[in-house]
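[1] Provided below are the primary sequence and the corresponding predicted coordinates.
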Amino acid sequence: MRLRNLISATMCCSVLLSGCASQVPPDEFFGNGVAARVQAVGSGGAGASGGAASGRSGAPASGGAGISGGSGASNTDTTTGGANGGGPAPGAAAPASPVGAVSGVRAGSCAGFRNSRGITDSTITLGNVADLSGPVPGLFTSAAQAAKAYAAYFNATSNVCGRKLKLIGYDSQTSGIGDQEAATSACSETFAMVGSIGAFDNGGAKTVADCGIPDLRTISTTPERVASPVSYGADAVKADLVSTSQYEYIKAATGQAYQKSALVYLNAGASVANALAYKATMQALGYDFVYTQPIDVTAINYAPYAAKMKSLGVGLVQFEGTAQFAVRLKRALNDQGLNPVFVMDSVAYDPVFVESAKNDLDGMYTYVDTTLVEEASRNPAMQRYLTWLARVAPGAKPSFFGMFAWGAMELFSELAVQLGGKLTRQTLLAAIRNTHAFTAGGLFAPQDVGTKNTSPCQAVVQLRGGVWVRRSPFPWTCSRVYDTQP
């Protein structure tokens, strides 16, 4: 099956679709199920391979990131910390166990460290490209905020051979051209690109491959970016593989509902491919589909679809779309007196989704491969993310994409500290390719970053009274992945 566009709109997009539908096809932004593809291998193990640790301790005491204007096309800002922060001088041997952000990571010797493009005696400049403007303003602001938050955390507590992180933000403007222009600037102005995400990231795919810049992304969203030899996602991705964990759990937890399942999806681009992949996976697990219905994004009257499902006695609905369409369908089902088990992918795990869904979707199921914000008290990694996000962007809401952008920054920092004086674009890429079970200290399920494979691990949650409640065991249920390619 074709590789699917992986923009799930997990964050803040669900209520914006109506405002951009006339300008950009909705499927370019929504209907994908990022979490259903979360690419990682295995259910256990934390930390990057090669010794990168997870589960960092050492809460920062103070410090933050100063923000000023940046240079280059599509720049939004530049974030940096202090000069050397008490770290070893360039070229000196590094301590065996750095503190703060990279506590527990064994640092490589700083001997032989050479400055290069994007690296000076005091800073390592990274580029973060995200859709901040365009048809859906602020589409991936949460990822940019998370990258800044991690840079502030790192600079307050750690260094790479005496160097702090300098983060330049670029706005890819929700367009392929914008992404290409941002990639061009990043290639010449930064050492590496970290935590980036864009709906049209195919625009810069060839540019980054040609210039050889390490491109450690939040997630790659187009086939071209996934295929790039320098692009890797903290939320890794592999075509045509779907986790079975969530569907196994929901089948077991909802009685006989699976025996009369329905698939309803927006008849637009990526939504189609994703929906059919879910259906193939569910059928392989014994779900019996009695109804399959694509719906045009321009459709307003959902009553005929609901009436048909009632006549068939549908017990479970897998819906592929966003909140406003899900609410439209659920209300039509309610009008028919039909209350099936309602399932959506990770697009639903979003505070904006919950606000827009109100009480209409109470009782529905979704699934994620991240730690739950609701369970932050039992997860130090989530606490760090929330703490520093609040410091850098007061009032900002945590997000699925933000967690993986933070994770991308953490993985870069761990690998850079490990490499020490051997840090180059080439050695960094080699280290990324050798990372196979990265969790950002338990912020998300193990990700096979280096080989871009799908995670078999998910957490199933249910919406109850406007709050997501865990249903599957803590932290994730890990089973297998199903290859939807015949």
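    Thanks, I have the structure now. The structure displayed is predicted, hence computed values, not measured ones.
[2] per-residue confidence at the residue lying closest to residue 385 once chain neighbours are set aside?
    Nearest-residue entry for residue 385: residue 406, 5.1 Å, with adjacent residues in sequence omitted and distances by C-beta to C-beta, 6 or more residues apart in numbering. Glycine gets a C-beta too; all of them are placed from N, C-alpha and C. Looking at residue 406, its pLDDT is 98.
[3] before we move on, what about the one 3 residues further on?
    The predicted structure scores residue 409 at 98 on the pLDDT scale.
[4] can you pull the contacts of it?
    Contacts for residue 409 (C-beta atoms under 8 Å, 6 or more residues apart in numbering) come out as 126, 146, 147, 150, 151, 154, 165, 194, 195.
[5] my guess is the fourth one contacts residue 406. True?
    When you say that, I think you mean residue 150. Yes. Under the criterion of C-beta atoms under 8 Å, residue 150 makes contact with residue 406 at 5.0 Å.
[6] so what sits against both of the two?
    Common contacts of residue 150 and residue 406 (C-beta under 8 Å, 6+ apart): residue 195.
[7] below-threshold pLDDT in the stretch 201-350 of the chain: ranges please.
    Low-confidence segments of the stretch 201-350 of the chain, defined by pLDDT under 70: 239, 269-270.
[8] quick one: the strands in it, in order.
    Taking DSSP state E, counting those that start in this stretch as the test, the strands found in the stretch 201-350 of the chain are 215-217, 231-233, 241-243, 261-266, 289-295, 316-320, 341-343.
[9] looking at the ones you listed, which is closest to residue 135?
    Each of these was scored for nearness to residue 135 using C-beta to C-beta, and the closest is strand 261-266 (17.0 Å).
[10] who does the closest one pair up with?
    Sheet pairing of strand 261-266 (DSSP bridges) gives strand 289-295 (parallel), strand 316-320 (parallel).
[11] now for these, which one comes closest to residue 235?
    strand 316-320 (18.8 Å).
[12] what residues does the spatially closest residue to residue 360 that is not a sequence neighbour make contact with?
    Of all residues not flanking residue 360 in the chain, residue 327 sits nearest, at 4.6 Å (C-beta to C-beta, 6+ apart). Applying C-beta under 8 Å, 6+ apart, we find residue 327 in contact with 356, 357, 358, 360, 361.
[13] one more time with 7 Å, if that's ok
    Listed by C-beta atoms under 7 Å, 6 or more residues apart in numbering, the contact partners of residue 327 are 357, 360, 361.
[14] select from those every entry located in helices.
    In helices, defined here by DSSP state H, the members of the contacts of residue 327 are residue 357.
[15] residue 351 reaches residue 396, doesn't it?
    No. If you go by C-beta atoms under 7 Å, residue 351 and residue 396 don't touch, sitting 11.0 Å apart.
[16] re the thing from before, reformat the strands of the stretch 201-350 of the chain as TSV; add distance to residue 443.
    What follows is these, written out as TSV (distance: least, C-beta to C-beta, whole Å):
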stretch	distance to residue 443
strand 215-217	15
strand 231-233	14
strand 241-243	18
strand 261-266	30
strand 289-295	35
strand 316-320	26
strand 341-343	25
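[17] for these, which one sits closest to residue 459?
    With C-beta to C-beta as the measure, strand 241-243 is the member of these nearest residue 459 (11.0 Å).
[18] so the residue of the chain most remote from its centre versus residue 304, what's the distance?
    Distance from the C-alpha centroid of the chain peaks at residue 311, with 39.0 Å (C-alpha atoms, centre = their mean). Distance from residue 311 to residue 304, counting by C-beta to C-beta, to the nearest Å: 11 Å.
[19] just residue 471 next, same as before
    The gap separating residue 471 from residue 304 is 32 Å, by C-beta to C-beta.
[20] neighbour-wise, which of the two wins?
    In this view residue 471 and residue 304 are compared by other C-beta atoms under 10 Å, and residue 471 has more residues nearby, 17 against 11.
[21] wait, what's in contact with the more buried one?
    Residues near residue 471 by C-beta under 7 Å, 6+ apart: 253, 460, 461, 462.
[22] tell me where this protein has helices.
    Here the chain has its helices, by DSSP H, at 17-20, 34-37, 141-157, 176-189, 205-211, 223-227, 245-253, 270-284, 303-312, 323-335, 351-357, 380-392, 400-419, 425-433.
[23] CSV for these, including distance to residue 370?
    Below are these laid out as CSV (distance: least, C-beta to C-beta, whole Å):
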stretch, distance to residue 370
helix 17-20, 23
helix 34-37, 8
helix 141-157, 12
helix 176-189, 25
helix 205-211, 26
helix 223-227, 20
helix 245-253, 13
helix 270-284, 19
helix 303-312, 32
helix 323-335, 19
helix 351-357, 14
helix 380-392, 9
helix 400-419, 5
helix 425-433, 20
